[in-house]
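# can't give you the sequence, but here's the structure:
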């Protein structure tokens, strides 16, 4: 007979890992959006600066010089900001963390399946649980920080938008007829 307390603990760990995985995915998306906005802003500022400089060659208007100078200053500020904070690199670090956490998530699911089927003993399950926790600890130590907004986005995605759930019909579409629940 499998220990219900052990299963409850592993279920709890599984739930936490699902949230952590999804939170890192949301952080990666957020950083990627920031990078895209910064690139577009940089292009716009550079274009305005170049246009202003070219316009001052043909027209000696003081306002054009001020506008071109302001755009150049903003463009420089944005470039310096991006040098200190690289959203592209941060996005990749979050994607890497999510990828590594995905394997742990699936391993917890397999552990729960094996326990529920009686395929492994409680003692073996504890050993596997402890190994997974050790692996997860290493991943967390190297993972970038997440934010509360990313956690809330993950929570919304998992609970309301059902980003981690599939109906039997959806799963059946990927399987051959012999493995489908509904034939």
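Received, thanks. All of these numbers come straight from a predicted model, not from anything done at the bench. Numbers count the residues shown, from 1 in each chain.
# next, name the residue at the spatial heart of this structure.
By C-alpha atoms, centre = their mean, the chain has its centre lying nearest to residue 25, at 1.6 Å.
# report the contact partners of the closest residue to that residue other than its chain neighbours.
Distances taken as C-beta to C-beta, 6 or more residues apart in numbering put residue 98 closest to residue 25, at 4.8 Å, once the chain neighbours are dropped. Every residue, glycine included, has its C-beta placed from N, CA and C. Residues in contact with residue 98 (C-beta atoms under 8 Å, 6 or more residues apart in numbering) are 21, 24, 25, 28.
# rerun that using 10 Å as the cut-off
Listed by C-beta atoms under 10 Å, 6 or more residues apart in numbering, the contact partners of residue 98 are 20, 21, 22, 23, 24, 25, 26, 27, 28, 105, 139, 143.
# beyond the helix or strand harbouring residue 25, next helix or strand please.
Using DSSP states H and E, residue 25 maps to helix 4-58. Downstream of helix 4-58, the first helix or strand assigned by DSSP H and E is helix 62-84.
# the helix or strand following that following helix: how far from the chain's middle?
Once helix 62-84 ends, the next helix or strand along the chain (criterion: DSSP H and E) is helix 87-117. Distance of helix 87-117 from the chain centroid (C-alpha atoms, centre = their mean, to the nearest Å) equals 11 Å.
# buried stuff in helix 87-117?
87, 90-91, 93-98, 100-101, 104-105, 107-108, 111-112, 114-115 (16 or more other C-beta atoms under 10 Å).
# try stretch 75-85
75, 78, 82.
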